[in-house]
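Q: Quick one: sequence and predicted model below, then my questions.
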Amino acid sequence: RGGRFFADFGRLAKFHPHEYAFVNTPLSLERIVGGESKADGAELSYLFPTPFFLRGTVGGYNKLGAENERLDDSKSRSWSRFTYLGRLNTYFDLTDNHSIELGTSVAFTPSIRIPDVSQGGSRTLSGFDLTYRYQPLDGTLYQGLTLGAELFGNSERVERVSGFRRMFAPGGYAYAEAKLDREWSTGFLYDNAPSLVSPGKKTHSYSPFLTWALSEFNRLRFQYSYLDDKVREDKAERGNQFFLQWTTVLGSHTHGFRNR
(Lines give C-alpha, C1' and ligand atoms only; values in the text may rest on other atoms or scores of the structure.)
Protein backbone atom coordinates (compact mmCIF):
# COMPACT_ATOMS: atom_id res chain seq x y z
CA ARG A 1 0.00 0.00 0.00
CA GLY A 2 1.06 3.58 -0.52
CA GLY A 3 -0.17 7.04 0.34
CA ARG A 4 -1.09 8.47 3.73
CA PHE A 5 -1.95 5.88 6.38
CA PHE A 6 -1.00 4.62 9.82
CA ALA A 7 2.45 3.05 9.55
CA ASP A 8 2.67 -0.45 10.99
CA PHE A 9 4.59 0.58 14.11
CA GLY A 10 3.53 -0.85 17.45
CA ARG A 11 -0.09 -1.38 18.41
CA LEU A 12 -1.77 1.67 19.94
CA ALA A 13 -0.19 4.12 17.48
CA LYS A 14 -2.46 2.65 14.78
CA PHE A 15 -5.64 3.38 16.76
CA HIS A 16 -7.73 6.54 16.84
CA PRO A 17 -8.11 7.87 20.41
CA HIS A 18 -11.79 6.92 20.56
CA GLU A 19 -10.74 3.26 20.14
CA TYR A 20 -8.69 3.25 23.34
CA ALA A 21 -9.90 1.46 26.46
CA PHE A 22 -9.10 4.70 28.35
CA VAL A 23 -9.56 8.43 27.77
CA ASN A 24 -6.21 9.96 26.83
CA THR A 25 -3.24 9.00 24.66
CA PRO A 26 -0.37 7.75 26.86
CA LEU A 27 2.25 10.48 27.19
CA SER A 28 5.01 7.94 26.45
CA LEU A 29 3.43 7.34 23.03
CA GLU A 30 3.17 11.07 22.35
CA ARG A 31 6.74 11.90 23.36
CA ILE A 32 8.60 8.96 21.85
CA VAL A 33 6.55 7.99 18.77
CA GLY A 34 4.69 11.22 18.09
CA GLY A 35 1.15 10.04 18.83
CA GLU A 36 -0.62 8.24 16.01
CA SER A 37 1.77 6.67 13.48
CA LYS A 38 0.53 8.79 10.57
CA ALA A 39 2.93 8.59 7.65
CA ASP A 40 3.22 9.39 3.94
CA GLY A 41 4.99 6.55 2.17
CA ALA A 42 4.73 2.92 1.10
CA GLU A 43 4.53 -0.43 2.89
CA LEU A 44 4.81 -4.07 1.92
CA SER A 45 3.40 -6.79 4.20
CA TYR A 46 3.91 -10.54 3.93
CA LEU A 47 1.94 -13.28 5.67
CA PHE A 48 4.34 -16.15 6.35
CA PRO A 49 3.06 -19.70 5.55
CA THR A 50 3.41 -20.89 9.16
CA PRO A 51 0.96 -22.97 11.25
CA PHE A 52 0.31 -19.82 13.33
CA PHE A 53 -0.23 -16.20 12.32
CA LEU A 54 3.06 -14.45 11.52
CA ARG A 55 3.27 -11.27 9.48
CA GLY A 56 6.22 -9.11 8.47
CA THR A 57 6.15 -5.50 7.27
CA VAL A 58 8.75 -3.25 5.67
CA GLY A 59 8.12 0.37 4.78
CA GLY A 60 9.60 3.74 3.91
CA TYR A 61 8.05 7.09 4.86
CA ASN A 62 8.55 10.82 4.68
CA LYS A 63 8.40 10.81 8.49
CA LEU A 64 6.64 8.88 11.24
CA GLY A 65 4.21 10.35 13.79
CA ALA A 66 1.20 12.67 13.55
CA GLU A 67 2.82 15.04 16.08
CA ASN A 68 6.33 14.74 14.64
CA GLU A 69 7.37 18.31 13.74
CA ARG A 70 11.01 17.54 12.98
CA LEU A 71 10.38 17.59 9.22
CA ASP A 72 8.11 19.42 6.80
CA ASP A 73 6.18 17.06 4.49
CA SER A 74 6.06 19.71 1.77
CA LYS A 75 9.85 19.99 1.39
CA SER A 76 12.02 17.58 -0.56
CA ARG A 77 15.03 15.88 1.03
CA SER A 78 17.55 13.13 0.39
CA TRP A 79 16.66 9.46 0.82
CA SER A 80 18.88 9.30 3.90
CA ARG A 81 16.47 11.56 5.77
CA PHE A 82 13.46 9.31 5.18
CA THR A 83 12.36 6.83 7.85
CA TYR A 84 12.49 3.08 7.19
CA LEU A 85 10.57 0.50 9.20
CA GLY A 86 10.57 -3.22 9.86
CA ARG A 87 8.01 -5.10 11.96
CA LEU A 88 7.12 -8.67 12.92
CA ASN A 89 3.92 -9.56 14.74
CA THR A 90 2.21 -12.81 15.65
CA TYR A 91 -0.95 -14.12 17.29
CA PHE A 92 -1.70 -17.52 18.76
CA ASP A 93 -4.17 -19.19 21.10
CA LEU A 94 -2.85 -20.49 24.40
CA THR A 95 -6.13 -22.31 25.09
CA ASP A 96 -9.71 -21.91 23.90
CA ASN A 97 -10.13 -19.02 26.37
CA HIS A 98 -6.69 -17.38 26.29
CA SER A 99 -4.75 -15.73 23.46
CA ILE A 100 -1.64 -13.61 22.99
CA GLU A 101 -0.47 -11.06 20.43
CA LEU A 102 3.22 -10.14 20.19
CA GLY A 103 4.96 -7.60 18.03
CA THR A 104 8.32 -5.90 17.61
CA SER A 105 9.04 -2.81 15.52
CA VAL A 106 12.10 -0.79 14.48
CA ALA A 107 12.02 2.55 12.67
CA PHE A 108 15.38 3.91 11.47
CA THR A 109 16.21 7.35 10.10
CA PRO A 110 19.80 7.35 8.74
CA SER A 111 20.34 11.10 8.97
CA ILE A 112 18.68 13.82 11.02
CA ARG A 113 19.75 17.40 10.38
CA ILE A 114 20.77 19.20 13.59
CA PRO A 115 20.98 23.02 13.33
CA ASP A 116 24.48 24.53 13.75
CA VAL A 117 26.10 21.08 13.74
CA SER A 118 28.29 19.96 10.84
CA GLN A 119 27.27 16.32 11.21
CA GLY A 120 23.82 15.19 12.25
CA GLY A 121 23.09 11.69 13.34
CA SER A 122 20.80 8.74 12.93
CA ARG A 123 17.67 8.02 14.94
CA THR A 124 16.46 4.57 15.96
CA LEU A 125 12.96 4.12 17.34
CA SER A 126 12.20 0.65 18.67
CA GLY A 127 9.12 -0.92 20.20
CA PHE A 128 7.78 -4.14 21.67
CA ASP A 129 4.06 -4.77 22.22
CA LEU A 130 2.19 -7.51 24.06
CA THR A 131 -1.57 -8.10 24.33
CA TYR A 132 -3.14 -10.89 26.36
CA ARG A 133 -6.86 -11.65 26.18
CA TYR A 134 -9.06 -13.86 28.30
CA GLN A 135 -12.48 -14.42 26.77
CA PRO A 136 -14.49 -17.34 28.20
CA LEU A 137 -16.26 -19.47 25.61
CA ASP A 138 -19.18 -19.98 27.97
CA GLY A 139 -19.54 -16.21 28.33
CA THR A 140 -20.30 -13.52 25.75
CA LEU A 141 -18.29 -11.05 23.71
CA TYR A 142 -18.95 -8.55 26.47
CA GLN A 143 -17.09 -10.44 29.19
CA GLY A 144 -13.38 -11.01 29.60
CA LEU A 145 -10.04 -9.44 30.43
CA THR A 146 -7.45 -7.65 28.29
CA LEU A 147 -3.89 -6.86 29.35
CA GLY A 148 -1.83 -4.68 27.05
CA ALA A 149 1.64 -3.14 27.20
CA GLU A 150 4.13 -1.43 24.94
CA LEU A 151 7.78 -0.62 25.56
CA PHE A 152 9.50 2.07 23.48
CA GLY A 153 13.08 3.18 23.06
CA ASN A 154 14.41 6.26 21.28
CA SER A 155 18.11 6.62 20.42
CA GLU A 156 19.42 9.84 18.85
CA ARG A 157 21.80 12.77 19.32
CA VAL A 158 20.27 15.55 21.42
CA GLU A 159 21.56 18.89 22.70
CA ARG A 160 22.82 18.90 26.28
CA VAL A 161 24.61 21.54 28.33
CA SER A 162 27.91 19.82 27.54
CA GLY A 163 27.11 19.64 23.81
CA PHE A 164 25.41 17.10 21.58
CA ARG A 165 25.29 13.54 22.89
CA ARG A 166 23.55 10.35 21.83
CA MET A 167 20.90 9.49 24.40
CA PHE A 168 18.66 6.45 24.77
CA ALA A 169 15.22 7.19 26.22
CA PRO A 170 13.14 4.14 27.29
CA GLY A 171 9.47 4.35 28.25
CA GLY A 172 6.08 2.77 27.79
CA TYR A 173 2.67 2.03 29.19
CA ALA A 174 0.63 -0.91 30.48
CA TYR A 175 -3.09 -1.29 31.07
CA ALA A 176 -5.73 -3.79 32.12
CA GLU A 177 -9.41 -3.73 31.15
CA ALA A 178 -12.07 -6.05 32.59
CA LYS A 179 -15.35 -6.34 30.71
CA LEU A 180 -18.06 -6.98 33.29
CA ASP A 181 -21.11 -7.18 31.02
CA ARG A 182 -22.58 -5.55 27.92
CA GLU A 183 -22.69 -2.10 29.53
CA TRP A 184 -19.86 -1.89 32.05
CA SER A 185 -16.09 -2.26 31.96
CA THR A 186 -13.30 -0.97 34.18
CA GLY A 187 -9.53 -0.90 34.21
CA PHE A 188 -6.23 0.78 35.07
CA LEU A 189 -3.52 2.50 32.99
CA TYR A 190 0.12 3.07 34.01
CA ASP A 191 2.35 5.31 31.89
CA ASN A 192 6.09 6.01 32.04
CA ALA A 193 7.08 8.88 29.74
CA PRO A 194 10.75 10.01 29.64
CA SER A 195 12.23 13.23 28.41
CA LEU A 196 14.10 12.57 25.14
CA VAL A 197 16.82 15.06 26.13
CA SER A 198 17.20 13.88 29.74
CA PRO A 199 15.93 10.28 29.89
CA GLY A 200 16.43 10.13 33.65
CA LYS A 201 13.61 12.65 34.03
CA LYS A 202 10.23 11.00 33.59
CA THR A 203 6.52 11.60 33.96
CA HIS A 204 4.65 8.79 35.70
CA SER A 205 0.86 8.59 35.64
CA TYR A 206 -1.62 6.23 37.28
CA SER A 207 -5.15 6.17 35.87
CA PRO A 208 -8.14 4.04 36.92
CA PHE A 209 -11.11 4.29 34.54
CA LEU A 210 -14.74 3.17 34.29
CA THR A 211 -16.77 2.83 31.08
CA TRP A 212 -20.54 2.77 30.69
CA ALA A 213 -21.78 1.79 27.22
CA LEU A 214 -25.31 3.19 27.19
CA SER A 215 -25.91 1.70 23.73
CA GLU A 216 -24.04 0.80 20.55
CA PHE A 217 -23.96 4.52 19.72
CA ASN A 218 -23.28 6.22 23.07
CA ARG A 219 -20.56 5.73 25.65
CA LEU A 220 -19.60 7.52 28.85
CA ARG A 221 -16.15 7.10 30.42
CA PHE A 222 -14.81 8.47 33.70
CA GLN A 223 -11.09 8.52 34.43
CA TYR A 224 -8.92 9.82 37.26
CA SER A 225 -5.18 10.35 36.73
CA TYR A 226 -2.45 11.05 39.23
CA LEU A 227 0.68 12.53 37.63
CA ASP A 228 4.20 12.65 39.03
CA ASP A 229 6.14 14.89 36.64
CA LYS A 230 9.91 15.22 37.03
CA VAL A 231 10.61 16.48 33.50
CA ARG A 232 10.31 20.19 34.24
CA GLU A 233 13.63 21.97 34.67
CA ASP A 234 12.69 24.08 37.69
CA LYS A 235 10.89 21.58 39.92
CA ALA A 236 8.96 18.34 40.05
CA GLU A 237 5.19 18.56 40.01
CA ARG A 238 2.43 16.28 41.19
CA GLY A 239 -1.21 16.70 40.33
CA ASN A 240 -4.62 15.19 39.76
CA GLN A 241 -6.75 15.09 36.63
CA PHE A 242 -10.40 14.13 36.23
CA PHE A 243 -11.94 13.23 32.87
CA LEU A 244 -15.53 12.68 31.80
CA GLN A 245 -15.69 11.62 28.15
CA TRP A 246 -18.80 11.22 26.03
CA THR A 247 -18.47 9.38 22.72
CA THR A 248 -21.35 9.22 20.27
CA VAL A 249 -21.52 7.59 16.85
CA LEU A 250 -23.86 8.19 13.93
CA GLY A 251 -24.46 4.94 12.05
CA SER A 252 -22.88 1.53 12.48
CA HIS A 253 -19.30 1.68 13.72
CA THR A 254 -17.05 -1.24 14.53
CA HIS A 255 -13.36 -2.12 14.58
CA GLY A 256 -13.73 -5.89 14.46
CA PHE A 257 -10.94 -7.89 16.03
CA ARG A 258 -9.58 -4.92 17.97
CA ASN A 259 -12.66 -4.79 20.20
CA ARG A 260 -13.40 -8.49 20.47
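A: That came in fine, so what should we check first?

Q: Read off the pLDDT value for the closest residue to R1 other than its chain neighbours.
A: Excluding its sequence neighbours, the residue lying closest to R1 (Cβ to Cβ, 6 or more residues apart in numbering) is E43, at 5.5 Å. Quick note: C-beta positions are derived from backbone N, CA and C, even for glycine. At E43, the model reports a pLDDT of 97.

Q: Which strand residues bridge E43?
A: Note on E43: beta-bridge partners by DSSP bridges are G59.

Q: Burial check on it, number of neighbours?
A: Look at E43: counted by other Cβ atoms under 10 Å, it has 19 neighbours.

Q: ditto for the one 3 residues further on
A: Residues within reach of Y46, counting by other Cβ under 10 Å, total 10.

Q: what does F222 give?
A: Quick note: F222 (other Cβ under 10 Å) scores 15 neighbours.

Q: Tell me how far it lies from T131.
A: Using Cβ to Cβ, to the nearest Å, F222 is found at 24 Å from T131.

Q: Please list all residues in contact with the closest residue to K14 other than its chain neighbours.
A: Leaving aside its sequence neighbours, K14 sits nearest to F6 (Cβ to Cβ, 6+ apart; 4.3 Å). If you count contacts by Cβ atoms under 8 Å, 6 or more residues apart in numbering, F6 has them with A13, K14, E36, S37, K38, A39.

Q: For the chain, just list every one of the helices.
A: 27-28 (DSSP state H).

Q: Could I get the full set of strands for it?
A: 2-6, 38-47, 53-64, 83-93, 98-112, 121-134, 144-160, 163-179, 184-194, 202-213, 218-229, 237-248 (DSSP state E).

Q: could you dump these to CSV with distance to E19?
A: Below are the strands of the chain laid out as CSV (distance: least, Cβ to Cβ, whole Å):
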stretch, distance to E19
strand 2-6, 11
strand 38-47, 15
strand 53-64, 19
strand 83-93, 18
strand 98-112, 15
strand 121-134, 13
strand 144-160, 12
strand 163-179, 12
strand 184-194, 14
strand 202-213, 13
strand 218-229, 11
strand 237-248, 10
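
Q: now for these, which one comes closest to S76?
A: strand 53-64 (9.9 Å; Cβ to Cβ).

Q: And that closest one, what's buried?
A: L54, R55, T57, G59, G60, Y61, N62, K63, L64 (16 or more other Cβ atoms under 10 Å).

Q: One more: stretch 2-17?
A: For stretch 2-17, by 16+ other Cβ under 10 Å, it's F5, F6, A7, D8, F9, G10, R11, L12, A13, K14, F15.
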